[in-house]
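# attaching a predicted model along with its sequence, questions to come.
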Amino acid sequence: MKLKSIKLHPFAGIREKEISLDAGLNVLLGPNEAGKSTVFHAILNGLLTTTYLTAKQLEDTMGSYFPVSGGDTIRVSLTLEDENESEIRITKTWKKGTRSGSASLHLPDGSEITDEEEVQNQIEELLPVSPATIRTILLADQSGLHHTIREMEKQNPVRKELGDLLRQNLMETGGVSVDRFRELLDVRYEDFFKRWDRDQDYPENNRGINHPYKVGVGKILDAYYIKEQLRKDLGEAQQFENKLDQLNEHLSGFINRQKERKEEYEKLEPLKKGINQRKDKEQQAENAELKKKSLLSVSKKWPVLEDQIKTLEPKKKEHQEKIDKLQEEQKKAQNKQRAEQLTAKIKKLEEFSEKVKDAKKEVDEAQKIEPIDIQYLRKLNNEIGNLKSRIDGARLTLRIVSESDQTLGFNEAGKSEEDIEVKAKKTVEKKTSGGFTLSIDGVKIDVFSGEGDLEKVVKSVSEKEQDLKTQFEKLGVESIQSAESLAGLYSQNKQQLNQAESLYKSELGEDNIEALKEELKELGDLDQVRSVSEISDDLVDARTVFESLKKDADTAQDQITEWQKEYESVEDVIMELAETSKLLKDLKAEIEKLPELPAGYDSADEFIEKVESLDHEIRDLAQEISEKKIEKVNLEKDAPDTSSEELQKMMEEAESEFERTHKEGETLSKVRERTQSLLEAMDANTYSGLEKSFLRWLQQMVGGRFEEINMNGDMPSTFKTDDGRPLTYNLLSHGTKDTVALAWRFALTEHFLQKLSGFIILDDPMVDMDPERRELATKAIEEFAKDQQVLLMTCHPDHQQYLKSQNLVKL
Amino acid sequence: MKIFHIADLHLGLRFQNHPEAQETLVQARYESLEKLVGMANEKDADILAIAGDLFDKTSMKVSEIQRAVQAINRFEGNVVLVLPGNHDYITADSPLWDRFKKDAGESVLVLGEKVPVDLSEYDLSAIVYPAPCHAKHSSENAIGWVKDEEKGSEKIHIGIAHGSIEGVSPDFDQRYYPMTVRELQDSGVDIWLMGHTHITWPEKPGKKDMVFNPGTPEPDGFDCRHEGHAFLHIIDQKKSIQTEILSTGSYRFLRVEHTLNHQSDIEKLLKEFQKEEYKKSVVKLSVAGRLDPDLYDQWLEQRHQIRDSVLELKLDDTNLRRKVTEEQIRKEFTEGSFPEQLLSSIPEEKEDELQMAYELIREVKG
């Protein structure tokens, strides 16, 4: 697509002018204000601005192109040539007023379109790049051209890789700074989400409405707090209202109940006094009635009892006498018993006395051998025995052997001397006890055992035997054994005597037999007396009857005594009875006059109790009411100033506002995420061709100046100046900036057009270049113009001279 | 007999969610009461009946109560019947009504008890059967006692009650003294003067109707679709009732929805709001649609005109979008440039995102 011609008829300051253009390089030369800018805008609007505009839109977009001299119409005609060298003609007329303009499009096939919107659509279809690209790259005006550089300058002091820079530059073509956009997103994101935990969808750190952040909250949290505060307020208002309702209900209940009770009380209370009196009188009447009854009974019984006592007295006497008699009889019966005892005792004593006499006789007649005698006998006998044993113990054996016959005198101790005839050669043996005296031829030989007292012993034996013999004779016994037997007999008799005597003594006791006999005699004859038990039975019977009679009489008497104490006399009783009857009558008359107990009450007590309980209840209720009223005043002190209904509405609105804000925030965060992922996805290679192309053009235009461009592979890593310093764009001289900008324009144009053909407008691109640089630039422009149509505008006639093959248009 | 019947004025509503109109709306309700009394006088009404919720809450300031009473005292007819409703309910211990009664004129009756009130003292052959509220909520209505009252035929029997009516007003939880039309009809009175429901019912009163609910006389929110109503009931000798609906409100709450797709739509909408009636309206305006970018800009620029022409505007134009099409993007952004890439990456159906991204880009572009 190339521009063949452009006609302004009229447009801005140009009344009518047609410019023909070549396919390659065209130089539009003219001083400032000569109309270069007008031609530029005519082309731009001829291509991109619809004629279908409201008056206001027309004023805004095209207003400055209407001639100052006057006129309500401006018009631009463009002739284009497409890839097939076919012509397309466009005519656009803008007229003041709403949608007053017109447009026509002649297509290569000869068809014509005049629908204004359709014309614009078709033009945009025919253009090799998007309308925005045309505007920002191909038809960039003076300011557009330098935008590239300005944006690059802004990177200072951050040094960037060339690739990044170019990439950013392209991305920001059209004036939208990525960083600013990102910054704006961050700011907005903070605006929405500050202190909001998106994961939990809740305030950060769980700081809900009860512990809210006071400052620095985002819109979402703010809306959340507002809504939650309202929810809280609503809850409180509802709670307050319900509480108040409840309180009022209680209060009304109490008040109504108090009212009812008061009414009832006022109805019943006036009766209370009368009913109370009636109660007392009735009680009195009841008492009087009881008294009357009792008096009546006393008055009747008193004489009866008196009669009864009179009747009982003789019977009592009769029985008393009977008892006396029986008691006398009983005494005699007791004497009889005594007499019998005495008789028996005396008899027994006489028997015992007889036995004593017999025993005495026995004792007197028996041989009197006392135990002491026996003892002595036994002693003697023992001593004799002992002495004899001693003598026997001193036995000696005498053996005599003589040569010749001899006669020897031999005297055994204690015995008479004898002669022993000893024959020669014969042995004579003599046994002796104790000792002996042998007499031979004048010689006396005493032989004895021991110390030789045996003789005394023998003598003692004989004395004692003599004594024993004497004793036997004295006692009239032969032996100890018979003595012992006689002594036993004697002792036995004596014992029997003792026994008989003690029996007698014990039977007699303290008594004296003579006195006993006397006593018996005195008791006289008692044969006719009955037995004690017989009399006792009669006596018990008599007493029982008597006691019963006595009791009856006593009871009657006691009763009468009591009555006497109380009333003195029967006459008094009768008088009191009359008084009581009168009192009763009076009471009944009084009761008649008092108010009756209302229906529904069983007793005056019940009624009075009811009145009193009403009174209590009324007072209790008054207390309750006053308490509730205080409670109510306290509650109402904190009354919310807005009703729950109104708060409900507000809360609902705040909720939807929160939802809306939340949703808006989420949308924002999606845009933000999308932006982040888009930027991340763009890697170094995205625009690699563009970078190569830029470098090619730059190197062509700077000649040797950027020999030091550091290459990383086939890509430059950094620019370096001649002295080796890394180059940032603000260090570029103005002329160098122009060079860079031009190279970037070419590169971008190539990038967008690719194989397609198009056109670019360059507005005085070489103003600030030094001659050397300018020459290099013109060469580059010429080279670029070989492929693409170039419209170069300049106010410097000398610049034009550098350019060789060109279509010069003078404005 | 002429009864000027109003209800649910809700003096003391705070309108906190209408910050701009708040003061006006709060005052409007008092002005409305003054106006209503004037209307009742103009119509020569014998009775001014206020069927509950004259006040929005029981905790009214003394000065506010006095202002209301002063207006009511200006009624020139025979008697004013004021029924405590569920917002201004009466209790044994009720500072609101104690204050009210203290300042009220002799012919102003506060109907605080469920007892018949003979109006012969006010030269009217009528008996009133009030059903006052004693708490904000109650699952039982207050009219039960009325049917048991002996009613002679020579007088007019007027019931006055406050609470929800089945089928007319929403009361899902049965918390607002619920009544049925049947129950009301069976209570033996000649007319029921109702309050509580903010809509007007019946919409077109006919000869057979005897239960009347005028609705609020001054609109109080977007739920109120009418302009504020009072009833004028005229009851003749034969006890037949003729009811006139009177427009009484000064301010309105309007929900307006519009679709803007073309310039003409915007122009029409702007022109619509030039109408005088909007000056006293709180408007909730929802606009939707797709506008070309320049039209959208035009909208952004001009929408304030609407705000200027209404009492308060709640504008929701989140559903009005700039038309951001692929073609649009091509026209505006260089190919390969960041905005072009970003916008192209957002599917067209994600309008929110597209719109937001676009607006943000424009903001950066400046």
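Here it is on my side, so go on. Numbers count the residues shown, from 1 in each chain, chains lettered A, B, ... in the order given.
# quick one: low-confidence ranges for chain A?
A:141-168, A:174, A:413-414, A:433-434, A:450-454, A:683-688, A:703-735, A:800, A:805 (pLDDT under 70).
# may I ask you to name the longest helix in it?
helix A:219-365 (DSSP state H).
# mind checking how far that one is from the chain centre?
54 Å (C-alpha atoms, centre = their mean, to the nearest Å).
# after it, which helix or strand is next? Please name it.
helix A:371-393 (DSSP states H and E).
# other residues contacting that next one?
Residues from elsewhere that reach helix A:371-393, judged by C-beta atoms under 8 Å, 6 or more residues apart in numbering or on different chains: A:433-434, A:454, A:457-458, A:460-461, A:464-465, A:467-468, A:471, A:475, A:480, A:483-484, A:487, A:491. For the C-beta atoms, the positions are set from N, CA and C on the backbone; glycine is no exception.
# list the buried residues in it.
A:Asp373, A:Ile374, A:Tyr376, A:Leu377, A:Leu380, A:Asn381, A:Ile384, A:Leu387, A:Lys388, A:Arg390, A:Ile391 (16 or more other C-beta atoms under 10 Å in any protein chain shown).
# got it, and stretch A:671-678?
Buried, per 16+ other C-beta under 10 Å, within stretch A:671-678: A:Val671, A:Arg672, A:Arg674, A:Thr675, A:Leu678.
# got the contact list for residue 327?
Using chain A. For A:Gln327, the contacting residues are A:Leu539, by C-beta under 8 Å, 6+ apart.
# my bad, chain B
Here B:Glu327 is in contact with A:Glu124 (C-beta under 8 Å, 6+ apart).
# quick check: next helix or strand after the helix or strand harbouring it?
Assessed by DSSP H and E, B:Glu327 sits inside helix B:326-332. Going down the chain from helix B:326-332, the next helix or strand is helix B:338-345, by DSSP H and E.
# looking at that following helix now, give me its mean pLDDT.
Across helix B:338-345, the average pLDDT comes to 90.
# alpha carbons of that helix, in CSV - could you do that?
The C-alpha trace of helix B:338-345 is given here as CSV (Å, rounded to 0.1, in the frame of the first residue of the first chain):
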residue,chain,number,x,y,z
PHE,B,338,1.6,-3.9,26.1
PRO,B,339,-2.0,-2.6,26.2
GLU,B,340,-2.7,-4.4,22.9
GLN,B,341,-1.3,-7.6,24.2
LEU,B,342,-3.0,-7.3,27.6
LEU,B,343,-6.4,-6.5,26.2
SER,B,344,-6.2,-9.1,23.5
SER,B,345,-5.4,-11.7,26.1
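# in it, what's buried?
So for helix B:338-345, counting by 16+ other C-beta under 10 Å, buried means B:Phe338, B:Pro339, B:Glu340, B:Gln341, B:Leu342, B:Leu343.
# and stretch A:558-566, by the same measure?
Applying 16+ other C-beta under 10 Å to stretch A:558-566 flags A:Gln559, A:Ile560, A:Trp563 as buried.
# and if you look at stretch A:472-489?
A:Phe472, A:Leu475, A:Val477, A:Ile480, A:Ala483, A:Glu484, A:Leu486, A:Ala487.
# just to check, the first one is in contact with A:Ser479?
Yes. Shown here, A:Phe472 and A:Ser479 form a contact pair, counting by C-beta atoms under 8 Å, at 7.4 Å.
# among the buried residues of stretch A:472-489, which lie within strands?
Applying DSSP state E to the buried residues of stretch A:472-489, no entry is found in strands.
# related to what we said a few turns ago, now render the buried residues of stretch A:558-566 as JSON lines, adding distance to chain B and secondary structure.
Formatted as JSON lines, the buried residues of stretch A:558-566 follow (distance: C-beta to the nearest C-beta, whole Å; DSSP: H, G, I helix; E, B strand; the rest coil):
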{"residue": "A:Gln559", "distance to chain B": "71", "secondary structure": "helix"}
{"residue": "A:Ile560", "distance to chain B": "74", "secondary structure": "helix"}
{"residue": "A:Trp563", "distance to chain B": "69", "secondary structure": "helix"}
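# export those residues to CSV and append columns for distance to B:Phe172.
CSV is the format used below for the buried residues of stretch A:558-566 (distance: C-beta to C-beta, whole Å):
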residue, distance to B:Phe172
A:Gln559, 89
A:Ile560, 94
A:Trp563, 89
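# the strand or helix carrying B:Ile160 near chain A at all?
Using DSSP H and E, B:Ile160 sits in strand B:156-162. No. Figure legend: strand B:156-162 not in contact with chain A (C-beta under 8 Å from any C-beta of the partner chain); closest approach 14.4 Å.
# and for stretch B:331-341?
Yes. Counting by C-beta under 8 Å from any C-beta, chain A is contacted by stretch B:331-341 at B:Lys331, B:Glu332, B:Phe333, B:Thr334, B:Glu335, B:Gly336, B:Ser337, B:Phe338, B:Pro339, B:Glu340, B:Gln341.
# hmm, who's touching that stretch?
Under the criterion C-beta under 8 Å, 6+ apart, residues A:48, A:124, A:129-133, A:135-137, A:170-174, A:176, A:178, A:181, A:678, A:687, A:751-752, B:293, B:329-330, B:343, B:361, B:365 lie in contact with stretch B:331-341.
# which stretches of the stretch 251-366 of chain B form helices?
Ranges of helices in the stretch 251-366 of chain B, per DSSP state H, counting those that start in this stretch, are B:263-272, B:293-302, B:304-309, B:326-332, B:338-345, B:351-365.
# nearest to A:Ser294 among the buried residues of stretch A:671-678?
A:Arg672 (114.5 Å; C-beta to C-beta).
# need the phi and psi values for the residue nearest the centre of chain A.
Nearest to the mean C-alpha position of chain A, by C-alpha atoms, centre = their mean, lies A:Asn210 at 26.0 Å. Torsion angles at A:Asn210 (phi, psi; degrees, to the nearest 10) stand at phi -80, psi -10.
# the stretch 151-300 of chain A against chain B: which residues are in contact?
Counting by C-beta under 8 Å from any C-beta, the stretch 151-300 of chain A sits next to chain B at A:170-178, A:180-181, A:184-185, A:188, A:241-242, A:244-245, A:248-249, A:251-252, A:255.
# recalculate using a threshold of 7 Å.
Taking C-beta under 7 Å from any C-beta of the partner chain, the part of the stretch 151-300 of chain A that reaches chain B is made up of A:170-178, A:180-181, A:184-185, A:241, A:245, A:248-249, A:251-252, A:255.
# geometric centre of chain B: which residue is closest?
B:Pro219 (3.1 Å).
# that residue contacts B:Tyr251, correct?
Yes. With contact defined as C-beta atoms under 7 Å, B:Pro219 reaches B:Tyr251; the gap is 6.2 Å.
# no further questions, thank you.
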